[in-house]
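Asks: I would like the atomic coordinates for the input below:
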Amino acid sequence: MIEIEKVSFKYSGSSDYALRDVNLSIDRASITAIVGRNGAGKSTLLRLLNGLIPHFYEGEFKGRVLVDGVDTREKDISDLSRKVGLVFQNPEHMFFSETVWDEVIFGPKALGRNDFEELGEKALRLTGLVDMKEYPPWSLSGGEMKRLSVACILSMETDYIALDEPTVGQDAVSRKELIDILRSLKEMGRGIIVVSHDLEWISDLRPDRVIVIRDGYIFADGGPDILADTVTLARAGLVPPISSIIGRAIGVKGLGIDEILKEVLG
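Replies: Next comes the predicted model:
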C-alpha cells in the first residue's frame with residue numbers, strides 16, 4: 001500500500017501550494033485514476049510516489065509518504081524506483097540507448113538483476129515490441145514509444161506503475177492497446193496509478209477508483225460512478241465523459257462506450 005499522510009507541497013519560488021493537506025492510500029492490484037484540470041496538482045501528486053518529491057524537486061514539504069511501510073524521505077530515488085515506476089508524459093524524455101533492447105534491459109541491469117535478459121523479453125512481449133528489439137527508440141511511433149516507456153518500467157518488476165497523462169499524442173489504436181496492457185498488469189497484481197484529464201479514456205479504462213483533484217485538494221474520491229457525477233466534475237472544472245452520461249441514463253454504469261454498445265445491442 002502507498003500511504004500519503006497530511007502532505008502539503010509548495011515548489012521553490014512559488015507563493016501557492018501545489019498540494020494541500022492530502023491524505024490518501026492506494027492499494028496494489030487495482031487501477032486508480034487521478035483526474036483534474038491542468039494545474040490541479042495531479043502531476044505533483046504523482047511525483048510523491050517514488051521520491052521525486054522531496055528528493056529532486058525543491059520546495060516546502062510537509063507530511064510523509066509511505067510505500068509499503070517505507071518512508072520516502074528515508075530512501076533515495078534509486079531505491080524507491082524498485083517499488084514505484086513512473087512513466088512520464090513525454091516518453092522520449094526517458095530514452096537514451098541506441099536500441100529498444102538496450103533501453104528495456106538498462107533498468108534491471110542497473111539494479112543488479114542477473115536475469116535482466118529474461119525480464120527484458122517478458123516486458124517486450126507484454127507490450128508487443130518483441131519484433132522491434134533492434135530499432136532505435138526515436139524511430140518508433142508515438143504509441144510504440146509509450147509502450148516502450150511502460151516496458152522499461154515493467155522490466156524492473158516494480159510493484160506499482162504510475163503514468164502521467166499517458167494518452168497525450170496517442171491515436172485511438174494506441175489508446176486501446178494501452179488499456180489492454182494496464183488491465184493485464186492489474187491482473188498480475190501490480191498497482192496502477194494513472195493521472196489524466198482525458199476522462200473519455202479513463203472511462204474506457206474502467207478504474208477501480210477515481211480521485212478528483214481540485215486546487216491541490218482531494219475534492220472527491222470514490223468508484224467509477226464519479227465519472228458520471230456531472231455536478232462534482234463541473235465543480236472541479238471537468239466535463240463528464242459521454243460514455244458515463246449515456247451509461248447512467250440507461251442504467252449501465254462503469255463501462256466504456258464500446259462495452260455500453262455491446263450491452264445495449266446484445
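
Asks: only C-alpha atoms from now on, for both contacts and neighbour counts.
Replies: Will do.

Asks: could I get the buried residue list for the longest helix seen in the chain?
Replies: In terms of residue count, the longest helix belonging to the chain (DSSP state H) is helix 172-187. Of the residues in helix 172-187, 174-175, 178-179, 182-183, 185-186 count as buried by neighbour count, 16 or more other CA atoms under 10 Å.

Asks: number of nearby residues for Lys42?
Replies: Lys42 has 28 neighbouring residues, counting by other CA atoms under 10 Å.

Asks: how about it: what's its closest non-neighbour residue?
Replies: Val195 (6.2 Å; CA to CA, 6 or more residues apart in numbering).

Asks: neighbours around Glu118, how many?
Replies: Neighbourhood size, Glu118 [other CA under 10 Å]: 11.

Asks: pLDDT (mean, whole number) over the strand or helix carrying it?
Replies: In this structure, Glu118 is located in helix 116-126 according to DSSP states H and E. Confidence for helix 116-126, expressed as mean pLDDT, is 94.

Asks: which residues in the stretch 1-150 of the chain form helices?
Replies: In chain order, the stretch 1-150 of the chain shows helices spanning 42-48, 52-55, 77-80, 100-110, 116-126, 142-154, with DSSP state H, counting those that start in this stretch as the criterion.

Asks: Ser203 is nearest to which of those?
Replies: Nearest to Ser203 among the helices of the stretch 1-150 of the chain is helix 42-48 (17.4 Å), distances taken as CA to CA.

Asks: deepest of the helices of the stretch 1-150 of the chain, which one?
Replies: Between the helices of the stretch 1-150 of the chain, helix 142-154 has the highest mean count of neighbours, a mean of 25, where neighbours are mean count of other CA atoms under 10 Å.

Asks: report the angle between it and helix 116-126.
Replies: Using axes from the mean of the first three to the mean of the last three CA atoms, to 10 degrees, one finds that helix 142-154 and helix 116-126 are set 140 degrees apart in direction.

Asks: how far out from the middle of the chain is helix 142-154?
Replies: The gap between the average C-alpha position of helix 142-154 and the chain average comes to 12 Å, counting by CA atoms, centre = their mean, to the nearest Å.

Asks: and the angle for it with helix 172-187?
Replies: Our comparison of helix 142-154 with helix 172-187, counting by the same axes, to 10 degrees, yields an angle of 20 degrees.

Asks: what's next to helix 142-154, contact-wise?
Replies: Residues lying outside helix 142-154 but in contact with it, judged by CA atoms under 8 Å, 6 or more residues apart in numbering, are 85-87, 91-92, 94, 100, 103-107, 120, 123-124, 126-129, 137-138, 161, 166, 169-171, 174-175, 178.
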